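Undergrad: coordinates only, sequence not included:
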């Protein structure tokens, strides 16, 4: 089962989703409040209708997913939006790839996937095909924890790295230390890497 359960659907505001990202470039900075802003999946309703099957589109990233050097759009498709209260979601999530107006790929994600959104696309391993970084979260007893997963795309998409706890908000926790731990996430030597700063809850 995936480690993370999704609290809400969020937009790509404040994110970097650029193919060919440099090794030391920032992928996402959770110290920026914009990285957590919510979005209405209705903004992708036209694409959802085109894909069909009564699905929701939870976000998009641009990159090269079926061939190197081709600008394409990957949509995270889900049967409903994930929620933290459901520990065993059945969402049948997929990545649907468009090249211009044409759908060129439709790949099922692992059965227990419950991702909130794609946040970036970049080529981790230098093969010319971009990996997709997706976000998921877990909420329990007043603490929100967000993690990232890197997906290698293809006919059988594979989660090749999970980076937990890139953002933890325990300000509403019923016990223990209360703080916000926010990370700057980069791709370093072909893998996700996080540098975390702890803030007090009054920030």
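TA: Received the coordinates, thanks. Everything numeric in this text was worked out from a predicted model, so none of it was measured. Residues are numbered from 1 along each chain as shown.
Undergrad: helix, strand, or coil at residue 49?
TA: The three-state label given to residue 49 by DSSP: H, G, I helix; E, B strand; the rest coil is helix.
Undergrad: how many other residues sit next to it?
TA: 12 (other C-beta atoms under 10 Å). No exception for glycine: its C-beta is placed from N, CA and C like everyone else's.
Undergrad: next one: it from residue 106, what distance?
TA: 15 Å (C-beta to C-beta, to the nearest Å).
Undergrad: with residue 195 instead?
TA: Note on residue 195: its distance to residue 106, by C-beta to C-beta, is 36 Å.
Undergrad: same thing with residue 156?
TA: 13 Å.
Undergrad: again with residue 170
TA: Distance from residue 170 to residue 106, by C-beta to C-beta: 39 Å.
Undergrad: neighbour-wise, which of the two wins?
TA: Counted by other C-beta under 10 Å, residue 170 and residue 106 do not tie: residue 170 has more neighbours, with 19 against 12.
Undergrad: check contacts around that one.
TA: If you count contacts by C-beta atoms under 8 Å, 6 or more residues apart in numbering, residue 170 has them with 142-144, 176-180.
Undergrad: any idea of the pLDDT on it?
TA: On the pLDDT scale, residue 170 is placed at 95.
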